[in-house]
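Novice: Build the 3D model from these lines:
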Amino acid sequence: MNQITQHGEGQGRRTATTTPAEDIDYRAAELARLLAECKLSFATAESCTGGQLAAVLAGDAVLGPHLERGFVVYSADAKCELLGVGRDDVERCEAVNSDVAAAMAEGALKNSRADVAIAITGFCGPRQGDEEVGLVHLASADRAGRLVQRECHFGELGRRRVLDSAVAAALGMMIDAANDSARNR
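Specialist: Have a look, this model is predicted:
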């Protein structure tokens, strides 16, 4: 796999006055615009977001047909059993690390007919032990062998806002994948 790693707070048009929910709406509309011109399909592998990315896609008349399938893998066992994530990777850092995100994306791609798989794992809160609330790892894998990883530090925004921020960041990765697909046609 060709691997690209990105760090930051996620990409997009977020400003101090933009809420994560507004960011989701904006990015979903942008993705719908891009996907109207291509036949790209997606699989999702979601841990901390519990299927919310798939729900955003399925809830939109344009995006829904591009959702090939979604995996909700909240538990360590689900990650291992459904996506083939290694038990050692899952047990390290309570499954919130870049290796797990990459393995989730690759497992979702392998276990689907999608062109691109997007994976999300993170700590949304409340704080337990020494985990960093707001730390989210995302990964996308595609049939051309590209693996893109992103690490986001959203901070202690509250569980709902961290979840929404993670979904918005994943939509940003999907926009990138759609743009890459358009460039490579």
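
Novice: Can you give the distance from stretch 50-67 to the centre of its chain?
Specialist: Relative to its parent chain, stretch 50-67 has a centroid offset of 13 Å by CA atoms, centre = their mean, to the nearest Å.

Novice: buried stuff in that stretch?
Specialist: Buried residues in stretch 50-67, counting neighbours by 16 or more other CB atoms under 10 Å, are found at 52, 53, 54, 55, 56, 57, 60, 63, 66, 67. Just so you know, the C-beta spots here come from the backbone N, C-alpha and C atoms, and that holds for glycine as well.

Novice: tell me the mean pLDDT over it?
Specialist: Stretch 50-67 comes out with an average pLDDT of 97.

Novice: Show the end-to-end separation of it, please.
Specialist: In stretch 50-67, first residue to last residue: 16 Å (CA to CA, to the nearest Å).

Novice: Just the strands from the chain, written as ranges.
Specialist: Under the criterion DSSP state E, strands of the chain are mapped to 2-8, 42-46, 67-72, 116-122, 135-142, 146-153.

Novice: For residue 169, see how far away residue 79 is.
Specialist: Counting by CB to CB, to the nearest Å, the separation of residue 79 from residue 169 is 19 Å.

Novice: next one: residue 51
Specialist: For residue 51 relative to residue 169 (CB to CB), the value is 16 Å.

Novice: Between residue 79 and residue 169, tell me which one has more neighbours.
Specialist: Remark: of residue 79 and residue 169, residue 169 carries more neighbours, 29 against 26, as counted by other CB atoms under 10 Å.

Novice: Also compute the angle for the helix ranked longest in the chain relative to strand 116-122, please.
Specialist: For the chain, the longest helix by residue count, based on DSSP state H, is helix 159-183. Calculated by axes from the mean of the first three to the mean of the last three CA atoms, to 10 degrees, helix 159-183 forms an angle of 160 degrees with strand 116-122.

Novice: any idea of the mean pLDDT in helix 159-183?
Specialist: The average pLDDT within helix 159-183 is 94.

Novice: Can you spell out which helices and strands pack onto it?
Specialist: Counting contacts by 3 or more CB pairs under 8 Å, 6 or more residues apart in numbering; DSSP states H and E, helix 159-183 is packed against helix 20-35, strand 42-46, helix 52-58, strand 116-122, strand 135-142, strand 146-153.

Novice: So for residue 178, which of these sits nearest?
Specialist: Nearest to residue 178 among the helices and strands packed on helix 159-183 is helix 20-35; the distance by CB to CB comes to 4.0 Å.

Novice: ok, residues contacting that closest one?
Specialist: For helix 20-35, the surrounding residues in contact (CB atoms under 8 Å, 6 or more residues apart in numbering) are 12-14, 18, 56-57, 60, 62-63, 66, 157, 161, 164-165, 167-168, 171-172, 174-175, 178-179, 182.
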